[in-house]
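Asker: Would you be able to build a 3D model of this:
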Amino acid sequence: MGRAYVVGTFDTKAAELRYVAGLVADAGVEVATVDVSTSGAESADAPDVPAAEVAAAHPRGAGAVFTGDRGSAVTAMALAFERWLAARPGVGGVLGLGGSGGTALITPALRALPVGVPKLMVSTVASGDISSYVDASDVAMFPAVTDVAGLNRISRQVLGNAAHALAGAVRNTVPAVEQRPAVALTMFGVTTPCVTKTADRLAAEHDPLVFHATGTGGRAMEKLVADGLIEAVLDITTTEVCDLIAGGVMSAGDTRLDAIARCGVPYVGSCGALDMVNFGSPDTVPERYRGRLFYEHNPQVTLMRTTPDECREIARFLAAKLNACTGPVRFLLPEGGVSLLDAPGQPFHDPAADQVLFETLEAEVHQTEQRQVRRIPHGINDDGFVAALFAALREVRPEVEGERT
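Answerer: Okay, here's the model as predicted:
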């Protein structure tokens, strides 16, 4: 059982931090309080870890944090706390308390912790859009209800629940299961048949982890890759790149594939759902796209068919990322269609656009014995394509040889 940390700004929230830390300690968990105040004044409440110690972890030292300017100080302390926390051995769990500033300061360090380490944030902004605070991590956000500005009948209950949640997570380990090699797969509704069949075959000897390619899914997968928790990647559905290029709502950002490239994890990728850009309801589609080919997936999701020019840019983005990969790479091109909607007779079937996509990838990926682009004469959801995925996976990770066929 590791040590728990209770974090916040002691110059404004000392009573709340002490209250929470006391409940965690009463539950039998070793706990330390951490001050991330940016005023530069020494706290009279004597936290276990003073702000000066945290600030000293900044690459330019404490002087870069205690600037007298709140905006720059918060940004600098966030970096300092992230570096300080990453250097702690045996972190059992972390609980932060804060308003908008404290939440922005504390959550980068929580996101940087490995998935599975308990990480909680009681915040006044937790009931709104929390995507920028949580991103692809497993941070649990607790709405503060009242401001984190003193102890009262509401805050005591909310803070107490958060304290007990942290103590329970630190004290109680998740039951162990057989550790099989983890293989990541990316999926969208229009590639579900392929991914489901692939995951079912992998499950005999591997632990298939399926990620929904909605932007957050791709980032979550790559965080696990960066944390060393993934043995191989079957990036069947790279559709998030479409939204990056064309301004859709499910982009994973321009760092998609960077962790894979940097870590050298064995990689098999494909063109899953590169025929579509995602928007919300029809009235959310940008005016510049009026007149394009659309498909209403449901009332809240509108899909737009990618054009040959967009396919060319998507392929160039992917090629640049694949060229940066330090590990073995196979990238498969499904000539029979890149999604359920791109199959013959379906609304997004466009062989000319697919051909631009395939030819650009073939031309711009620097192919070697280790890095190969390969055409497959099947649609992405066909059994023949699934077989090709496994053949490629065996090439980049021979240990898969024993999987059940």
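Asker: residue boundaries of the strands in this structure?
Answerer: 3-8, 31-35, 91-98, 119-123, 140-143, 182-187, 207-212, 232-235, 267-270, 276-279, 294-298, 301-305, 329-334, 371-376 (DSSP state E).
Asker: Dump the ones you listed to a markdown table, plus mean pLDDT.
Answerer: As requested, those are exported to a markdown table (pLDDT from 0 to 100):
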| stretch | mean pLDDT |
| --- | --- |
| strand 3-8 | 96 |
| strand 31-35 | 97 |
| strand 91-98 | 96 |
| strand 119-123 | 96 |
| strand 140-143 | 94 |
| strand 182-187 | 96 |
| strand 207-212 | 95 |
| strand 232-235 | 97 |
| strand 267-270 | 98 |
| strand 276-279 | 96 |
| strand 294-298 | 89 |
| strand 301-305 | 95 |
| strand 329-334 | 98 |
| strand 371-376 | 98 |
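Asker: Can you pull out the low-pLDDT segments for the stretch 301-405 of the chain?
Answerer: 400-405 (pLDDT under 70).
Asker: Roughly how far does the residue lying farthest from the centre of the chain sit from residue 283?
Answerer: Largest separation from the mean C-alpha position in the chain: residue 44, at 39.0 Å (CA atoms, centre = their mean). Residue 44 sits 55 Å away from residue 283, going by CB to CB, to the nearest Å. Yep, even glycine has a C-beta here, placed from its N, CA and C like the rest.
Asker: Now do the buried residues in stretch 135-150.
Answerer: The neighbour-count check on stretch 135-150 (16 or more other CB atoms under 10 Å) flags 135, 136, 137, 138, 139, 140, 141, 142, 144, 148 as buried.
Asker: What of stretch 329-349?
Answerer: 329-343, 346, 348-349.
Asker: just stretch 388-401 next, same as before
Answerer: 388, 389, 390, 392, 393, 394, 395, 396, 397, 400.
Asker: Which residues are in contact with the fourth one?
Answerer: With contact taken as CB atoms under 8 Å, 6 or more residues apart in numbering, residue 392 is in contact with 268, 330, 332, 374.
Asker: what pLDDT does residue 130 get?
Answerer: What the model reports as pLDDT for residue 130 is 87.
Asker: who's in contact with the nearest residue to it once chain neighbours are set aside?
Answerer: Nearest residue to residue 130, sequence neighbours excluded (CB to CB, 6 or more residues apart in numbering): residue 141, at 5.1 Å. Taking CB under 8 Å, 6+ apart as the contact definition, residue 141 lies against 120, 121, 123, 126, 130, 133, 134.
Asker: So the second one is in contact with residue 103, correct?
Answerer: Pointing back at residue 121 there. Yes: counting by CB atoms under 8 Å, residue 103 is a contact partner of residue 121 at 6.2 Å.
Asker: Quick check: neighbours shared by these two?
Answerer: Between them, residue 121 and residue 103 share these contacting residues under CB under 8 Å, 6+ apart: 96, 133.
Asker: Which positions in stretch 214-227 come out as buried?
Answerer: Residues 214-226 are the ones in stretch 214-227 that count as buried (16+ other CB under 10 Å).
Asker: Using PDB, list the CA coordinates for that stretch.
Answerer: Taking C-alpha atoms only, stretch 214-227 is exported to PDB below (Å, rounded to 0.1, in the frame of the first residue of the first chain):
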ATOM      1  CA  THR A 214     -13.400   9.100 -31.000                       C
ATOM      2  CA  GLY A 215     -10.400  11.200 -30.300                       C
ATOM      3  CA  THR A 216     -10.100  10.400 -26.700                       C
ATOM      4  CA  GLY A 217      -9.900   6.700 -27.600                       C
ATOM      5  CA  GLY A 218      -6.800   7.200 -29.700                       C
ATOM      6  CA  ARG A 219      -5.100   9.300 -27.100                       C
ATOM      7  CA  ALA A 220      -5.900   6.800 -24.300                       C
ATOM      8  CA  MET A 221      -4.400   4.000 -26.400                       C
ATOM      9  CA  GLU A 222      -1.200   5.900 -26.900                       C
ATOM     10  CA  LYS A 223      -1.000   6.800 -23.200                       C
ATOM     11  CA  LEU A 224      -1.000   3.100 -22.400                       C
ATOM     12  CA  VAL A 225       1.700   2.600 -25.100                       C
ATOM     13  CA  ALA A 226       3.800   5.300 -23.500                       C
ATOM     14  CA  ASP A 227       3.300   3.700 -20.100                       C
END
